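**Q** Build the 3D model from these lines:
(2 chains)
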There are 2 protein chains.
Amino acid sequence: MTKPNLQIALDQNTLADAARIAHLAGPIVDIVEVGTILELQAGQQAISVLREMFPDKIIASDTKCADAGSTVAQNSKDAGADLMTVIDSATIATMKSAKSVLDGIQVELYSAWNWDLAEKWQQIGIEQVIYHQSRDALLAGEVWGEKDLNIVKKFISMGFKVSVTGGLNLDTIKLFKDVPVYTFIAGRAITGQDDPAAAAQAFHNGIQSFCYRGT
Amino acid sequence: MTKPNLQIALDQNTLADAARIAHLAGPIVDIVEVGTILELQAGQQAISVLREMFPDKIIASDTKCADAGSTVAQNSKDAGADLMTVIDSATIATMKSAKSVLDGIQVELYSAWNWDLAEKWQQIGIEQVIYHQSRDALLAGEVWGEKDLNIVKKFISMGFKVSVTGGLNLDTIKLFKDVPVYTFIAGRAITGQDDPAAAAQAFHNGIQSFCYRGT
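**A** Prediction:
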């Protein structure tokens, strides 16, 4: 049994702050993500700095690309990213264009997706989706539940590698203990702690003890 | 009659290239936009550089924000942006959160919108939408036509200020000569020309001669 990956989302406002946290917690995780906020703030340099810091890790560029797929993908790739997100409301043409440049395209599920679209994504070779509770939805009081689990399970049964994110903590990941998710993405539950390395280690241990992935 | 604004979309891969073009064509336009590609490449500095170059122009930050609305809006605002885009598939909570920080929020219409949603955007005070042909859709052969005009007109009749973008040139803006659009956004039709100032001036003249806006 392969275990799910642990991905740290670096969504700091400055590259300095992100590098500080990555220096501490990065060695423990499988995937280091340049979050959208960080990328909009620090630019492509944020990707290249993290690429150089972690030559052996997977680097994710959370561009939430909506258009100009091949350009944005090429820029992410040039800076060293292995994965890049596109937004669900991007056109199939945009997704295809991004995918032609960078293989590791992940569709981020906001409010624009449906199962027919998911099939179309598969038809153009996209293998990964990211299911999440939006940060603002969580602030508005939404919580993880059965509805979310069922969606995640359906994507997995279709053959997608599913990453899960949005306000995850050591309790909420337990919800997925029987669901073979591909990656748990944690942001402030790691980056917002006094000891980001210890927080990352606790996630890692939690995943090892009760989460598995059947691929 | 007020004339539509002319907005230049700076989507270069480097801030140096964008600044060169802005230096030439910026004085002629009404709104200077830090395009998504540029912002992902050069970060927040791209906004602040253009803000300082054009203290009297409107500066637009094309973040296509999908989440963390207030943080992204605050960062855009801190750098000097007057306008910021959110993606249509963002939740209402995200849009509201962005709007609470920066008044000039524009919803960018990709594939996730419908008229019910548009009413909800209005209910939370959003006054601006951006209608466009996606760059990748244009590359895939789509063209401007009656369908687009009718959508733009309906948004205007609802009371929205509508910006129009996507492969616009001196011919395509003529389609809108009887439609009171708020802003024409031109990218490579200006930035990709040998003489960006002359290209911007030609757009400006075209707008003055046959486009009006009834607000």
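
**Q** ok now the longest helix belonging to chain A, how far from the chain's centre?
**A** Scanning chain A for the longest helix, with DSSP state H as the assignment, gives helix A:196-210. A distance of 17 Å separates the centroid of the chain from that of helix A:196-210, by C-alpha atoms, centre = their mean, to the nearest Å.

**Q** Let's see that helix as CSV, backbone CA atoms only.
**A** C-alpha atoms of helix A:196-210 as CSV (Å, rounded to 0.1, in the frame of the first residue of the first chain):
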residue,chain,number,x,y,z
PRO,A,196,6.2,24.1,11.5
ALA,A,197,8.6,21.0,11.5
ALA,A,198,6.8,19.4,14.4
ALA,A,199,3.4,20.2,12.8
ALA,A,200,4.5,18.6,9.5
GLN,A,201,5.9,15.6,11.4
ALA,A,202,2.5,15.2,13.2
PHE,A,203,0.7,15.2,9.8
HIS,A,204,3.2,12.7,8.4
ASN,A,205,2.8,10.4,11.4
GLY,A,206,-1.0,10.7,11.2
ILE,A,207,-1.0,9.8,7.5
GLN,A,208,1.3,6.9,8.1
SER,A,209,-0.8,5.5,10.9
PHE,A,210,-4.3,5.6,9.4
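
**Q** on contacts alone, who are the packing partners of it?
**A** Here helix A:196-210 touches strand A:5-10, helix A:15-25, strand A:183-186, helix A:188-191, going by 3 or more C-beta pairs under 8 Å, 6 or more residues apart in numbering or on different chains; DSSP states H and E. (C-beta placed from N, C-alpha, C; glycine too.)

**Q** Contacts for the helix or strand that the longest one is followed by next, please.
**A** What it means is helix A:15-25. Using DSSP states H and E, the next helix or strand after helix A:15-25 towards the C-terminus is strand A:31-34. Strand A:31-34 has contacts (C-beta atoms under 8 Å, 6 or more residues apart in numbering or on different chains) with A:5-10, A:18, A:22, A:26, A:46-47, A:50, A:53-54, A:57-62, A:81, A:83, A:183, A:185.

**Q** Give the rounded mean pLDDT of the helix or strand following strand A:31-34.
**A** Proceeding N to C from strand A:31-34, the next assigned helix or strand is helix A:36-42, under DSSP H and E. Average pLDDT, helix A:36-42: 98.

**Q** near chain B, anything from helix A:36-42?
**A** Yes - part of helix A:36-42 sits near chain B under the criterion C-beta under 8 Å from any C-beta of the partner chain, namely A:36-37, A:39-42.

**Q** Just put these in a markdown table and tack on neighbour count.
**A** Below are the residues of helix A:36-42 next to chain B laid out as a markdown table (neighbours: other C-beta atoms under 10 Å in any protein chain shown):
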| residue | neighbour count |
| --- | --- |
| A:36 | 25 |
| A:37 | 24 |
| A:39 | 29 |
| A:40 | 31 |
| A:41 | 27 |
| A:42 | 26 |
